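Quick one: sequence and predicted model below, then my questions.
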Amino acid sequence: MKYLALFAALALASSAVADDDDTPSFGAAGLLSGSNKENLPPIILSAGEPISAEPWVLKSGTYYEFEIQGDGSQELALVGPEFFRAIWIDEIVVEGLEIRPLGLDSVEFDEAGEMEIGFIAIKPGAYYMKIPGTTGETQRVEITIQ
């Protein structure tokens, strides 16, 4: 009987703490929760076309997702090793297949397709992703992590 009373008192105390408004609420998965997620505009890989309409300004600690769409007009790659080392990649999704890499240097489209990359911005600084071997401003996206 003594133990039953003690158990009931502990259960009541823990429910009072759980209802306390002063307790921080981070969501179901903290940094990966839906309230911390933003979608970025897609990057379009098409021969002779700009890859992005505007630069990206990201906030460190925020989860982002973006799509890379290749139209198959030409074999095209996208490189950004410094950017990829300044983020933590959660997953890359290609045709429903989820890839969870330890790191990334570049991606390449040999034919038409689409991939989605989910990541958390980590290291503040100025970065870019671009089509390798190009020098034009429309063939790169400037990225700032604040």
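Cool, got the structure.

all helices of the protein, in order?
Per DSSP state H, the chain carries helices over the ranges 2-18, 81-85.

Just the CA atoms of stretch 53-61, as CSV, please.
Coordinates of each C-alpha in stretch 53-61 appear next as CSV, following Å, rounded to 0.1, in the frame of the first residue of the first chain:
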residue,chain,number,x,y,z
ALA,A,53,16.7,33.0,-60.0
GLU,A,54,18.2,34.5,-56.8
PRO,A,55,20.9,33.9,-54.2
TRP,A,56,20.1,31.9,-51.1
VAL,A,57,20.3,33.4,-47.6
LEU,A,58,20.2,30.6,-45.0
LYS,A,59,20.2,30.7,-41.2
SER,A,60,22.5,28.4,-39.3
GLY,A,61,20.6,25.7,-37.4
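
Test my guess that residue 64 contacts residue 41.
No - counting by Cβ atoms under 8 Å, residue 64 sits too far from residue 41 to count as a contact (10.9 Å). Glycine gets a C-beta too; all of them are placed from N, C-alpha and C.

Averaged over its residues, which helix or strand of the protein has the lowest pLDDT?
helix 2-18 (a mean of 51; mean pLDDT, DSSP states H and E).

what's the closest non-adjacent residue to residue 121?
residue 58 (4.3 Å; Cβ to Cβ, 6 or more residues apart in numbering).

I should have written residue 126 there, sorry.
residue 144 (5.5 Å).

Around that neighbour, how many other residues sit close by?
Using other Cβ atoms under 10 Å, residue 144 has 15 other residues around it.

With residue 44 instead?
16.

List the beta-bridge partners for the nearest residue to residue 36 once chain neighbours are set aside.
Computed as Cβ to Cβ, 6+ apart, the closest residue to residue 36 that is not its neighbour in sequence is residue 63, at 5.1 Å. Residue 63 forms beta bridges with residue 37, residue 120, as assigned by DSSP bridges.
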